[in-house]
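Undergrad: take a look and give me a structure for this.
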Amino acid sequence: MPKRSSSKKPRPTEDENQAAYRVLREVIEKHDPEAEDQPEKNPAAVALGRLGGKKGGPARARKLSAKRRAEIARKAAKSRWSKSGN
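TA: A predicted model of the protein is given here:
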């Protein structure tokens with residue numbers, strides 16, 4: 001009886017599902033439609049907006065009475081809990 005070849009094929013390090021997942025991630029990373037749609041932001045405008053936001057929240061909180069803040073919080077909680085969990 002003739003001898004068979006004893007060479008073994010190297011085993012793949014990943015199965016088909018893992019390879020498909022890896023390829024899909026590579027494609028998604030290369031093509032990001034959200035990055036294409038959004039223009040570059042002006043750093044000066046971003047800084048001004050951040051400055052206004054940092055000042056506006058605490059200023060509004062100081063202006064509101066405790067009763068009004070409680071009303072706003074109650075309305076927000078009611079809105080959060082009334083949403084369906086689809």
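
Undergrad: please make it C-alpha for all contacts and neighbour counts, starting now.
TA: Noted.

Undergrad: which element follows the particular helix or strand that has residue 49 in it toward the C-terminus?
TA: Using DSSP states H and E, residue 49 sits in helix 43-63. Per DSSP H and E, the first helix or strand lying C-terminal to helix 43-63 is helix 66-82.

Undergrad: and the angle for that following helix with helix 43-63?
TA: Interaxial angle, helix 66-82 versus helix 43-63 (axes from the mean of the first three to the mean of the last three Cα atoms, to 10 degrees): 120 degrees.

Undergrad: contact partners of helix 66-82?
TA: residue 61 (Cα atoms under 8 Å, 6 or more residues apart in numbering).

Undergrad: model confidence over that helix, on average?
TA: Averaged across helix 66-82, the pLDDT comes to 93.

Undergrad: now find how far off-centre that helix is within its chain.
TA: For helix 66-82, the separation from the chain centroid amounts to 27 Å (computed by Cα atoms, centre = their mean, to the nearest Å).

Undergrad: where's residue 13, which helix or strand?
TA: Residue 13 belongs to no helix or strand, assigned by DSSP H and E.

Undergrad: then the one 10 residues further on?
TA: Assignment of secondary structure by DSSP H and E places residue 23 within helix 16-30.

Undergrad: what's the average pLDDT for that helix?
TA: Averaging pLDDT along helix 16-30 yields 88.

Undergrad: show residues contacting that helix.
TA: Against helix 16-30 from outside (Cα under 8 Å, 6+ apart): no residues.

Undergrad: identify each buried residue in that helix, please.
TA: Residues of helix 16-30 classed as buried by neighbour count (16 or more other Cα atoms under 10 Å): none.

Undergrad: what are the C-alpha coordinates of that helix, in CSV please?
TA: What follows is helix 16-30, C-alpha atoms only, in CSV (Å, rounded to 0.1, in the frame of the first residue of the first chain):
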residue,chain,number,x,y,z
GLU,A,16,-16.2,32.1,7.9
ASN,A,17,-18.3,34.2,10.3
GLN,A,18,-15.3,35.8,11.9
ALA,A,19,-13.8,36.6,8.5
ALA,A,20,-17.1,38.1,7.3
TYR,A,21,-17.4,40.2,10.5
ARG,A,22,-13.8,41.5,10.1
VAL,A,23,-14.4,42.4,6.4
LEU,A,24,-17.6,44.2,7.2
ARG,A,25,-15.9,46.2,10.0
GLU,A,26,-13.2,47.2,7.6
VAL,A,27,-15.7,48.3,5.0
ILE,A,28,-17.7,50.3,7.5
GLU,A,29,-14.6,52.1,8.8
LYS,A,30,-13.5,53.1,5.3
